[in-house]
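Undergrad: Structure for this input, please:
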Amino acid sequence: VLLDCLKPSLPVADFDMEVQEVEKRSGYEARKILFNVSAYSRVPAYLLVPEGEGPFPTVVLMHDHGAHFTIGKEKMVRPFGVEDWTLEDADRWAESSYDKQYVGDYLAANGYVVLAIDALFWGERGRKEGANYNAQEAMASNLMQMGHSWGALVTWDDIRSVEFLTTLPQVDKNRIGAMGFSMGAHRTWMLCAATDMVKAGAAVCWMNTTEHLMTLTNNQSKGGSAYSMLIPGIRNYMDYPHVASIACPKPMLFVNGTKDKLFPIEGVYDAYKIMSDVWSSQQVSENFRTKIYELPHFCSKDIQKDLLDFFNEKLK
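TA: Take a look at the predicted model:
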């Protein structure tokens, strides 16, 4: 049902990876690459590869929304070979959303291959006319007129990114995880539900039930940013925690904050109960993890340490 609601899938093409630039970092190498994520799109990405002999455990990182479109993959990996304003933009975002730490660099320094791409409308896949919040709705409506949806295209790109990773000699295809914050968390559990190539997922600050999200004060009811995370028709069959539960029995970690105004804590608890029941029903309760922080919408260094510990346990 989920895959039916995501259709049509995108036509595939050979990945045809090209390495554009390389930078040596402490314990790993950062590569700026291009590859074909579909026959429609050749995308820029950052690929981080640890020093030493692989293949390595790997994490595909999904960046957030944040109503901030000038950067995408640069929210997860510190950019290089870019204009000064891009680096300053990325550093400010790392400080405001990720506690002054780039998640991708943190994981790579701890032995993980990392891949981060721009989602459609962000960074180098953004508008040539410049970033514009209201233009998301125009793009979403045009895609719908052509029989697609923005949310589905984001998911197909993420699926194809994992397929790309499985072709790299540095990657252990049996030890691929996924992680994201905010919209990136939505992308994470969507990806984990849609493909078995991902073996474990960690989703920070995006889980709730429709009942608690459809309120006058929640941004999900205002349009705009919601369109990148809406899958047409899916709510006729299941709610968000049910979709995420398709990932069962694989290990999943969900993190939310009590002070997160975007995701009411009552809805978080309701969603966690639904998912917990699913993992319990399959006798794999140990693979379902949740953690609640006394935090707003934020991915702190403590949370990132939780993610690393989780992936070390499940992928190493």
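Undergrad: Let me see the ranges of the strands in this protein.
TA: 18-25, 28-36, 42-50, 56-62, 113-117, 171-181, 200-204, 252-257, 288-293 (DSSP state E).
Undergrad: so what's the spatially most central residue of the chain scoring on pLDDT?
TA: Taking Cα atoms, centre = their mean, the centroid of the chain lies closest to residue 62, which sits 2.5 Å from it. Residue 62 is assigned a predicted lDDT (pLDDT) of 98.
Undergrad: what do you get for the one 5 residues further on?
TA: Residue 67 is assigned 95 on the pLDDT scale.
Undergrad: ok, now residue 219?
TA: 69.
Undergrad: And residue 224, by the same measure?
TA: 77.
Undergrad: Quick check, it in contact with residue 132.
TA: No - taking contacts as Cβ atoms under 8 Å, residue 224 lies outside contact range of residue 132: 11.0 Å. From N, CA and C alone the C-beta is placed, and that goes for glycine too.
Undergrad: more neighbours, those two?
TA: Taking neighbours as other Cβ atoms under 10 Å, residue 224 and residue 132 compare with residue 224 leading, 15 against 12.
Undergrad: Give me the nearest residue to that one, chain neighbours excluded.
TA: Spatially, and ignoring its direct neighbours in sequence, residue 224 is nearest to residue 136 (5.9 Å; Cβ to Cβ, 6 or more residues apart in numbering).
Undergrad: Around that neighbour, how many other residues sit close by?
TA: 21.
Undergrad: Going forward, the N-terminal residue is numbered 4.
TA: Sounds good: first residue 4 from here, last item residue 139.
Undergrad: just checking, it touches residue 124?
TA: Yes - using Cβ under 8 Å, residue 139 is in contact with residue 124, at 6.4 Å.
Undergrad: list residues touching both of the two?
TA: Residues touching both residue 139 and residue 124 (Cβ atoms under 8 Å, 6 or more residues apart in numbering): 153, 231.
Undergrad: hang on, isn't the residue nearest to the centre of the chain packed against residue 183?
TA: Yes - using Cβ under 8 Å, residue 65 is in contact with residue 183, at 3.4 Å.
Undergrad: Can you check which residues contact both of these two?
TA: With Cβ under 8 Å, 6+ apart as the test, residue 65 and residue 183 both reach 190-191.
Undergrad: how far out from the middle of the chain is stretch 150-166?
TA: The chain centre lies 11 Å from the centre of stretch 150-166; the measure is Cα atoms, centre = their mean, to the nearest Å.
Undergrad: let me redo that: stretch 5-14
TA: For stretch 5-14, the distance to the chain centre is 18 Å (Cα atoms, centre = their mean).
Undergrad: How about stretch 119-136?
TA: With Cα atoms, centre = their mean, you get 16 Å for stretch 119-136.
Undergrad: repeat for stretch 18-35
TA: 20 Å.
Undergrad: What's the end-to-end length of that stretch?
TA: 15 Å (Cα to Cα, to the nearest Å).
Undergrad: which regions of the chain sit below the pLDDT cut-off?
TA: Residue ranges of the chain with pLDDT under 70: 222, 224.
Undergrad: surely residue 77 meets residue 91?
TA: No - assessed by Cβ under 8 Å, residue 77 is found out of contact with residue 91, at 10.7 Å.
Undergrad: Which of the two has more residues huddled nearby?
TA: For the pair residue 77 and residue 91, the greater number of neighbours falls to residue 77 (27 against 11), based on other Cβ under 10 Å.
Undergrad: Just give the nearest non-adjacent residue to residue 267, would you?
TA: Nearest one to residue 267, counting by Cβ to Cβ, 6+ apart, is residue 215 at 4.6 Å.
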